[in-house]
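Chemist: Dropping a prediction and its sequence here:
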Amino acid sequence: MNQIVAALDAAWRILLIGVVLGAGLPALFSFGVRAMAWGTGGEATNHDEGTLPPPHPVGRVIGIAVFALVVLVVLLGLSYIVAHGLGYNLVFNGGLPAFVPR
């Protein structure tokens, strides 16, 4: 019975990580694209003929912050893979990632 519980415990963790990284990061990236589109004004909103809506600086800030978060998560994932390939562990001492030998 313990093996079934251990297998189910591992399965839900893998499922959760798969949903967060497999669907969550692309969804977050698309939100960043939408925020950048809103930030530049453009043709996406209703406006009078011949005039463009003004840009929204908040949209650009949100888009840049979201893109930075996505890049950070991707770099952390790559550093985790590289660390384990070289025989190191990736630890977070004080909130910052560091490589320590196994």
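Modeler: Done, it's in. Residues are numbered from 1 along each chain as shown.

Chemist: Could you list every helix and strand that the helix or strand hosting L25 packs against?
Modeler: Using DSSP states H and E, the element containing L25 is helix 25-39. Under the contact criterion of 3 or more C-beta pairs under 8 Å, 6 or more residues apart in numbering; DSSP states H and E, helix 25-39 touches helix 57-85. In short, each C-beta sits where N, CA and C put it, glycine included.

Chemist: C-terminal to the helix it packs on, what's the next element?
Modeler: strand 88-93.

Chemist: Let me know the angle separating that following strand from helix 57-85.
Modeler: Between the axes of strand 88-93 and helix 57-85, defined by axes from the mean of the first three to the mean of the last three C-alpha atoms, to 10 degrees, the angle is 140 degrees.

Chemist: Can you give the contact residues for strand 88-93?
Modeler: 76, 79-80, 83-84, 97-102 (C-beta atoms under 8 Å, 6 or more residues apart in numbering).

Chemist: Which single one of the residues you listed is nearest to V33?
Modeler: When the contacts of strand 88-93 are compared for distance to V33 (C-beta to C-beta), L76 comes out closest, at 21.5 Å.

Chemist: so L52 makes contact with T40?
Modeler: No. L52 is beyond contact range of T40, at 9.6 Å (criterion: C-beta atoms under 8 Å).

Chemist: Are we agreed that A98 is in a strand?
Modeler: Yes. Secondary structure of A98 (DSSP: H, G, I helix; E, B strand; the rest coil): part of a strand.

Chemist: contacting residues for it?
Modeler: 90-92.

Chemist: cool, F99 as well?
Modeler: 79, 83, 86, 88-91.

Chemist: Make a ChimeraX selection of the buried ones in those.
Modeler: Applying 16 or more other C-beta atoms under 10 Å to those, the buried members can be selected in ChimeraX as follows:
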select :83,88,90
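
Chemist: Farthest-apart pair in the contacts of F99, please.
Modeler: L86 and V91 (14.3 Å).

Chemist: gap between the residue nearest the centre of the chain and L21?
Modeler: Nearest residue to the geometric centre of the chain (C-alpha atoms, centre = their mean): V70, 3.4 Å. For V70, the distance to L21 equals 11 Å [C-beta to C-beta, to the nearest Å].
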